[in-house]
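# no sequence on this one, just coordinates:
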């Protein structure tokens, strides 16, 4: 299991489009991936589900923890953290 | 043959088959299945999912070409459809709880719809609507009901509906939809605006329409008189085929005037501008001399969050760049009334058209107003921008709006952000109080534009969305014409630009009167360019002035219409 924390920087938070990008990226990996909303203490046990991700209602500035468990766990977490840090390509 | 009579809002003759457009009702019964049936239910679920995905793929491909921003919605819907967790839960519902497939889908979707509906953040709350949309598509496919959308029809069609919304018409098949008939809606409703924009014959406001008319029958729609003829006999059909041909020929001739410079026979130049409501300029935009009305609501209505300053800046900048030197009149947010936003919940109002709408709402939400003004001023360096406030009722309103602009200018100065120094600040004239005080306003504002839809509504105290009071909405009334005269004269005397941007401005039957009243700027949908320019180039301004005097002396709206029609009959 490999985990990393990251802060949401895009202005609208984890809404539909960023969540969609996140899920598409997560699905590239075999590992089981989960996301925690550290501000609220809620968790999406399967981060390949857009619905679970959206139920976390992650707003801008929220700190989240991404965890992966499986053969490509490090690559998965690094790639997802990078995506979040990039602000999903928003301004 | 049955004949139904309605209110013609977009002229034309249509002949085709009736297609009743009924939005799907996705409610399902609480049904379970025997254990040995689960396999069949799972198979049905998988098949329905595949066909729902195929529908979404088609919609996505179609919208990617037409409106890439909206195509994103269908991508999001595909994501929801393919969601792993919901898939597992639905399968568990069928296999372990022995639910019927449709009931399992409704149960799982229902749980998440509830969850999102209860969220506080409007951005997330709105996801409930996406889920509802996907659920409905899913269940419709499970029930084997074909999608009733207006995007791909196979033959000449007359569409019947209770009412049409932007989501219904976004992908309308313009090749096959010959006519639109609805139960609800007046001449300024969404259905009417879409029909006029696309040049589709339309008749609205036929009560009991959906109940009386059978699906699939042959019909004739005469949208010059408002008659819908169901199952016409051979003679009638032949007659209307002839009429249709004449109408199309006439329209084709009119179309030649689309780019002609609008100068009356006695040399008065009329500037013809366009109304727009999207970041994409409409067809025939090259024939517009200016934008008389840039509605900014679409930025708010098509977004799932309050549009940021940068999002707005980019949109305004692209319009300004596309227009070059041609002036662009940006109307600040006109929301409330008949336009609502999902992510901006507003308290219920008994009389929304008399309520906290447009400029009033911007005064109540200074942050929203300031964001828009900042975006607009920042964009002003890229073209010829002027700013216009909607729903000004008093000088105080205008002064307060102007002060907000000046405050933003000070902020931008302090931050060293450039903006054009000469941005003109004007207003819509749509509340009758302004007409009574027109000289005062003319002295103070840089320019004004008359919004005839709301002006008529407020002048006659008639709800323009209510089909039961259509006859009281009299935009050709001599009372209306005198009101216009008062406004136009005051502005012309003060030497301030005055234009018109309501429906009347693009109504060729009104053009001669408007020119006669002294208007030299008309702004309209590009679809009206040809007809209005044909009138302008065919009349003399001096005679139009006589016409204006005549109609102001008339007693009734019918008299005004008769005089106006007679005046342009020979053109």
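Looks like it came in fine. Nothing here was measured: the structure is a model prediction, and the numbers come from that model.
# nearest residue to residue 71 in space, please, no chain neighbours.
No chain was given, so I picked chain A. residue A:30 (5.6 Å; CB to CB, 6 or more residues apart in numbering or on different chains). Where you see a C-beta, it was placed from the backbone N, CA and C, and this is true even at glycine.
# actually chain B
residue B:63 (3.8 Å).
# can you get me a residue count around that neighbour?
For residue B:63, the neighbour count with other CB atoms under 10 Å in any protein chain shown is 20.
# quick check: it vs chain A, distance?
With the distance defined as CB to the nearest CB, to the nearest Å, residue B:63 ends up 15 Å from chain A.
# helix, strand or coil: sort out that residue for me.
When classified by DSSP: H, G, I helix; E, B strand; the rest coil, residue B:63 comes out as helix.
# what pLDDT does it get?
Listed pLDDT for residue B:63 reads 73.
# and residue B:31, by the same measure?
Confidence score, pLDDT, at residue B:31: 92.
# what do you get for the one 3 residues further on?
At residue B:34 the predicted local confidence, pLDDT, stands at 91.
# name the nearest residue to residue B:462, sequence neighbours excluded.
residue B:472 (4.3 Å).
# next structured bit after the lowest-mean-pLDDT helix or strand in chain A?
In chain A, the helix or strand scored least confidently by mean pLDDT, DSSP states H and E is helix A:16-26, which has a mean of 89. For helix A:16-26, the following helix or strand on the C-terminal side (DSSP states H and E) is strand A:32-37.
# all strands of chain A, in order?
Listed in chain order, the strands of chain A (DSSP state E) span A:2-7, A:32-37, A:42-44, A:63-69.
# residues in chain A within reach of chain B, list them.
A:11-13, A:15-17, A:19-20, A:23, A:46, A:48-52, A:54-55, A:57, A:59, A:91 (CB under 8 Å from any CB of the partner chain).
# distance of the spatially most central residue of chain B relative to residue B:466?
Nearest to the geometric centre of chain B sits residue B:190, at 4.6 Å (CA atoms, centre = their mean). To residue B:466, residue B:190 is 15 Å away according to CB to CB, to the nearest Å.
# once you drop chain neighbours, what's closest to residue B:117?
Nearest non-adjacent residue to residue B:117 (CB to CB, 6+ apart): residue B:128, at 4.6 Å.
# my read is the one you found is in a strand, agree?
No: using three-state DSSP, the assignment for residue B:128 is helix, not a strand.
# ramachandran coordinates for the closest residue to chain B within chain A?
Closest to chain B within chain A is residue A:49: 3.7 Å, counting by CB to the nearest CB. Phi and psi for residue A:49, reported as degrees, to the nearest 10, are phi -110, psi 120.
# so the least confident helix or strand of chain A versus strand A:32-37, what angle?
On the basis of axes from the mean of the first three to the mean of the last three CA atoms, to 10 degrees, helix A:16-26 is oriented at 150 degrees to strand A:32-37.
# other SSEs contacting helix A:16-26?
Packing partners of helix A:16-26 (3 or more CB pairs under 8 Å, 6 or more residues apart in numbering or on different chains; DSSP states H and E): helix A:50-55, helix A:73-85, helix B:68-81.
# who are the contact partners of residue A:9?
A:60, A:61, A:84, A:85, A:87 (CB atoms under 8 Å, 6 or more residues apart in numbering or on different chains).
# list only those of those residues flagged as buried.
residue A:84 (16 or more other CB atoms under 10 Å in any protein chain shown).
# would you turn the contacts of residue A:9 into CSV with distance to residue B:429 and pLDDT?
What follows is the contacts of residue A:9, written out as CSV (distance: CB to CB, whole Å; pLDDT from 0 to 100):
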residue, distance to residue B:429, pLDDT
A:60, 41, 84
A:61, 44, 87
A:84, 50, 92
A:85, 51, 91
A:87, 44, 86
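# show me where pLDDT drops low in the chain?
Picking chain A for this. A:90-91 (pLDDT under 70).
# the chain in question should be chain B.
B:66-67, B:69-70, B:152, B:166-167, B:170-171, B:186-188, B:337-339.
# do that again at 50, thanks
Regions of chain B meeting the criterion pLDDT under 50 are absent.
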